[in-house]
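Colleague: Here is a sequence together with a model predicted from it:
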Amino acid sequence: MIILKSLLLIVLVISSISLIGLILLQRSKSEG
C-alpha cells in the first residue's frame, strides 16, 4: 500500500510539473 501511495504521489508531481511547464511555454510563445 505504501508503494502504491508513493507511486501516486510521483505521478501527481510529474503531471503538475509538466502542466506548469506547458503553461510557461505558451506564455513565452504568446509574448514573443
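Modeller: That came through, no problem. Residues are numbered from 1 along each chain as shown.

Colleague: and residue 24, how far is that from residue 1?
Modeller: Distance of residue 24 to residue 1, given as Cβ to Cβ, to the nearest Å: 35 Å. C-betas here are computed from N, CA, C, even on glycine.

Colleague: Comparing these two, which shows the higher neighbour count?
Modeller: Set residue 24 next to residue 1 and count neighbours by other Cβ atoms under 10 Å: residue 24 wins out with 10 against 5.

Colleague: chain center to the host helix or strand of residue 22: distance?
Modeller: For residue 22, the enclosing helix or strand under DSSP states H and E is helix 2-31. Centroid separation for helix 2-31 versus its chain: 0 Å, with Cα atoms, centre = their mean, to the nearest Å.

Colleague: Could you tell me the average pLDDT over it, please?
Modeller: Here helix 2-31 scores 95 as its mean pLDDT.

Colleague: buried ones in that helix?
Modeller: Buried residues in helix 2-31, counted by 16 or more other Cβ atoms under 10 Å: none are found.

Colleague: What helices and strands are in contact with that helix?
Modeller: Taking 3 or more Cβ pairs under 8 Å, 6 or more residues apart in numbering; DSSP states H and E as contact, there are no helices or strands that helix 2-31 lies on.

Colleague: Distance of residue 21 relative to residue 4?
Modeller: For residue 21 relative to residue 4 (Cβ to Cβ), the value is 26 Å.

Colleague: actually residue 28, not the one I typed
Modeller: Going from residue 28 to residue 4 by Cβ to Cβ gives 37 Å.

Colleague: Residue 30 now?
Modeller: 39 Å.

Colleague: Same check on residue 20?
Modeller: Per Cβ to Cβ, residue 20 is found 25 Å from residue 4.

Colleague: What of residue 14?
Modeller: According to Cβ to Cβ, residue 14 stands 16 Å off from residue 4.

Colleague: do the same with residue 19
Modeller: Distance, residue 19 to residue 4, using Cβ to Cβ: 23 Å.

Colleague: I appreciate the help and will end here.
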